[in-house]
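Enquirer: Whatever this is, show me its structure:
(2 chains)
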2 protein chains.
Amino acid sequence: MRILITGAAGMIGRKLTARLVGNGGLNGKPIEKLTLVDISAPTKPERFAGAVETIAADVSDPAIMRAAVGKRPDVIFHLAAVVSAEAELDFEKGTRINLDGSRALLEAIRTAGGNYRPRLVFTSSIAVFGAPFPEAIADDFHLTPLTSYGTQKAVIELLLADYTRRGFVDGVGIRLPSIVVRPGRPNKAASGFFSSIIREPLAGQEAVLPVEDSVLHWHASPRAAVGFLVHAAGLDAAKLGPRVNLTMPGVCCTVAEQIASLRRIAGEKVAARIRREPDPLVARIVAGWPSRFDPRRALALGFCGEASFDEIIRVHIEDELGGKIAN
Amino acid sequence: MRILITGAAGMIGRKLTARLVGNGGLNGKPIEKLTLVDISAPTKPERFAGAVETIAADVSDPAIMRAAVGKRPDVIFHLAAVVSAEAELDFEKGTRINLDGSRALLEAIRTAGGNYRPRLVFTSSIAVFGAPFPEAIADDFHLTPLTSYGTQKAVIELLLADYTRRGFVDGVGIRLPSIVVRPGRPNKAASGFFSSIIREPLAGQEAVLPVEDSVLHWHASPRAAVGFLVHAAGLDAAKLGPRVNLTMPGVCCTVAEQIASLRRIAGEKVAARIRREPDPLVARIVAGWPSRFDPRRALALGFCGEASFDEIIRVHIEDELGGKIAN
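Expert: The predicted structure is shown next:
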C-alpha cells in the first residue's frame, strides 16, 4: 500500500499521517510508502517502518503532480487548499491552488497510463452550498456557493465525479464540517473563531467572537475528520454509486450552545474569556454558509462523527491538552 | 454598442448575427461594431452599416480571447462549444474548448482593467442536470451531469456566478433546451436525431431514429433560442439576482408526439420517412438527460419559447423551407 498526501504539513495532514503511521496499514494492507507533499516540507513521521518521501512544492505545478503520481500511490488524500477567507481576499491564489492544483492532480492521474486508477479522497467543504437554504440540507441540494472558495471546491466536485464516471480515477469527495477545535494558532479561515472561542479560553487566554451568539453551524473534531478520510479510503465504490461527493456527519449547534458546552466542561471562569467584537467581513461570509445537514448517505455508508459539542471539546482536551484545562 | 460573438460561425451564431444585423441595435442602442470569432472564419453579414471584424481562431487560446475582449465589447455572446457526443468521445478537446476556452474568456474579461464589466451571455445546457430526476426540474435542482459536456457546462455556470458575484463580469447563463429543428446537415450532438426526424422527412429524405418513441425531451426552435440570447443581453441584473443561471422555457414532448405533430402538419407520407435503428450510445446518453422542467424564473423574467411542437415545426418550415414541404 503506497499513499500520497497533499497538504500533508497542514493540521489535518499531520494528524492523518500520524493516524496512518500509528495504524501501520490502510484498508487492511501494510503501508510500504508515504509520499507527503506541501508548500513547506512536511515533517517525516517517527517510528514508521516504511519509506517516506517529502516534497516541498506548489500543488498547482503540473510537473510536481506528475512526479508525485508517478510513484503509483494506491490511495491519494488531496487535502492541499487555500482556506476560505484567503481565497476570498486573493482570488488568483485561491484559483491557482484550489482549482488548478486539483485539476493538475486529476490530469496527472488520468494521463499516468497503464490502467492506473487510484482511490482519490478529495476534501471538499460545506461551503459548496449557498443560502437560501432549506431546514436541513440533503446531499442532493443544489450547489450555489457564495464564496470563491466554495465555487472552487464545487468545480472540483463536478470534475471528480466526471473523472470517476469515465474511469480515470476512483474518487470520493467528502464535504467536511467546520473542524473544531483546531489546535495551534488561528489560520486565515473565516471559520477560525469557532475554534478560537474554545481553544483560547481552555489555554487561559482571551478569545474574540466576531459574530452573533445565534449563529448556527456544523462541526466535527479533527479526530473525526481523520476518521472520515480513512473511512473514505476504504469505501466500496459500488455502494457509493455515481454521486461521489458526500456531506459528512457533524454536530449542529449555535455559538451560544458552544459556549454553554465550554461552561459545562470547564466552568464559568473559562467561558468568561470570550470577548465579543463583531467583524462585518466574517459575519457576511458566515451568513452565506449552511448550518444544518441531512447526511443520511454518509451515515448509511458508515461515516461516523461526534454526537454532541461536549464530545468535541473533550476530544480537544484529550488530544491536544493532555487532559488538562488552564483554570 | 459593441458586440462580441464566439462560435459565430455555428448555426445559432449565424442566426444571432442575422437577427442583430436585422434589428440594427441591441438593448435600445445602435450596433457600431460586431466581432465574430470561430474556429473557421465567420461570414461577414451583408447589409450592415457598422464595422465587422471576423477572427478565425481557437477560443481556448488566451491571447485570442484577450485580443477579442480588448475591443471592449459591451455585450458578449459566448456560444463556442464542442457538442455533447463529441465532448464524450474526445475528452481532451471538450475540456479544452468548453472548459478552458470559457475560462480564457472569463479571465480575459477579469484582467482587462479599467472597471470593464460587460454583459456576458453564456449558453449552458440542460445537460448540467443528471438522472434520477423529479417530475419537473426546477432551477434549483442540483447539478449532477452524467456527461463530460454537462460537467464542463456546469463548471462554467459555477465560475460565471462567482465572477459575477465578485463584479468581474455581468453574467447570465441560459440553459438551452435541445434546439430543433436544426437546419442543414446533422452535427455530432447526441441530440441530433430530434431534428433529423423532422428535417429529413420534410425535405423528402429518410431519417434515422436511434431511440424509443417514448423518449421525452425538452425543445425550442432556433428562432426561440436567438430570442433567449437577445433577451438575456438586456436582462436587468438586479431582477436576476445572484443565481445567474436559468433554465429556458421549452416544449416538453415525446418522440411519438413529435412524429404526431409532423403527421398533422405534413401528412402520413412524410411521417413514414422515419426509420427506426436503435443506437445504444445515443440511447445511453439521452437516458441520462432531463426531460421536463419548471422554468418559472425564466418565464417571470420575460423569456418566451414556443407553446407546442407544432409551432416548432411551423417555425422550421417558415424560416428554412420558405414555407414549402417536399411531399
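
Enquirer: Residue numbers of chain A in contact with chain B?
Expert: Along chain A, the residues adjacent to chain B under the rule CB under 8 Å from any CB of the partner chain are A:91, A:130, A:140-146, A:148, A:151, A:154-155, A:158-159, A:161-162, A:165-166, A:242-243. (C-beta placed from N, C-alpha, C; glycine too.)

Enquirer: Could you pick out which of the residues you listed are located in helices?
Expert: Judged by DSSP state H, the residues of chain A next to chain B include A:91, A:148, A:151, A:154-155, A:158-159, A:161-162, A:165 as members of helices.

Enquirer: Make a markdown table out of these and add neighbour count and pLDDT.
Expert: Supplementary listing: those in a markdown table, determined by neighbours: other CB atoms under 10 Å in any protein chain shown; pLDDT from 0 to 100:
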| residue | neighbour count | pLDDT |
| --- | --- | --- |
| A:Phe91 | 16 | 98 |
| A:Ser148 | 26 | 96 |
| A:Thr151 | 30 | 97 |
| A:Ala154 | 31 | 97 |
| A:Val155 | 27 | 98 |
| A:Leu158 | 25 | 97 |
| A:Leu159 | 27 | 98 |
| A:Ala161 | 23 | 97 |
| A:Asp162 | 27 | 98 |
| A:Arg165 | 19 | 96 |
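
Enquirer: out of those, which one sits closest to A:Glu212?
Expert: Distance to A:Glu212 across these (CB to CB) is lowest for A:Ser148, with 24.3 Å.

Enquirer: Next one: that closest one from A:Leu99, what distance?
Expert: A:Ser148 is 9 Å from A:Leu99, where distance means CB to CB, to the nearest Å.

Enquirer: Show me where the stretch 151-300 of chain A has its strands.
Expert: Assigned by DSSP state E, counting those that start in this stretch, the stretch 151-300 of chain A shows strands spanning A:170-176, A:178-179, A:207-209, A:216-220, A:245-247, A:251-254, A:274-276, A:293-294.

Enquirer: quick one: secondary structure of A:Ala307?
Expert: coil (DSSP: H, G, I helix; E, B strand; the rest coil).

Enquirer: May I ask you to confirm that it is in contact with A:Pro249?
Expert: No - counting by CB atoms under 8 Å, no contact exists between A:Ala307 and A:Pro249, whose distance comes to 9.5 Å.

Enquirer: quick one: which of the two has more around it?
Expert: Ranked by neighbour count (other CB atoms under 10 Å in any protein chain shown), A:Ala307 and A:Pro249 place A:Pro249 first, with 21 against 10.

Enquirer: I'd assumed A:Ala220 was in contact with that one.
Expert: Yes - with contact defined as CB under 8 Å, A:Pro249 reaches A:Ala220; the gap is 7.3 Å.

Enquirer: which residues are common contacts for these two?
Expert: Shared contacts of A:Pro249 and A:Ala220 (CB atoms under 8 Å, 6 or more residues apart in numbering or on different chains): A:177, A:305.

Enquirer: Helix or strand: which one has A:Arg314?
Expert: Per DSSP states H and E: A:Arg314 is located in helix A:309-320.

Enquirer: Now that helix - C-alpha only, CSV.
Expert: Output of helix A:309-320 as CSV, limited to C-alpha atoms (Å, rounded to 0.1, in the frame of the first residue of the first chain):
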residue,chain,number,x,y,z
PHE,A,309,-20.4,19.6,21.1
ASP,A,310,-19.4,18.5,24.6
GLU,A,311,-17.8,15.4,22.9
ILE,A,312,-15.9,17.7,20.5
ILE,A,313,-14.5,19.8,23.4
ARG,A,314,-13.5,16.6,25.2
VAL,A,315,-11.6,15.3,22.1
HIS,A,316,-9.7,18.6,22.1
ILE,A,317,-8.8,18.3,25.8
GLU,A,318,-7.7,14.7,25.3
ASP,A,319,-5.8,15.0,22.0
GLU,A,320,-4.2,18.5,22.5
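
Enquirer: picking that back up, may I see the ones in helices among the residues of chain A next to chain B organised as CSV, with distance to B:Phe228 added?
Expert: Output for those, formatted as CSV (distance: CB to CB, whole Å):
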residue, distance to B:Phe228
A:Phe91, 30
A:Ser148, 28
A:Thr151, 25
A:Ala154, 25
A:Val155, 25
A:Leu158, 24
A:Leu159, 28
A:Ala161, 28
A:Asp162, 27
A:Arg165, 29
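
Enquirer: Same list (the strands of the stretch 151-300 of chain A) but as JSON lines, adding mean pLDDT, mean neighbour count and distance to A:Lys324.
Expert: JSON lines is the format used below for the strands of the stretch 151-300 of chain A (pLDDT from 0 to 100; neighbours: other CB atoms under 10 Å in any protein chain shown; distance: least, CB to CB, whole Å):
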{"stretch": "strand A:170-176", "mean pLDDT": "97", "mean neighbour count": "25", "distance to A:Lys324": "28"}
{"stretch": "strand A:178-179", "mean pLDDT": "91", "mean neighbour count": "24", "distance to A:Lys324": "22"}
{"stretch": "strand A:207-209", "mean pLDDT": "95", "mean neighbour count": "19", "distance to A:Lys324": "18"}
{"stretch": "strand A:216-220", "mean pLDDT": "94", "mean neighbour count": "22", "distance to A:Lys324": "22"}
{"stretch": "strand A:245-247", "mean pLDDT": "95", "mean neighbour count": "26", "distance to A:Lys324": "34"}
{"stretch": "strand A:251-254", "mean pLDDT": "96", "mean neighbour count": "19", "distance to A:Lys324": "23"}
{"stretch": "strand A:274-276", "mean pLDDT": "97", "mean neighbour count": "14", "distance to A:Lys324": "20"}
{"stretch": "strand A:293-294", "mean pLDDT": "92", "mean neighbour count": "20", "distance to A:Lys324": "33"}
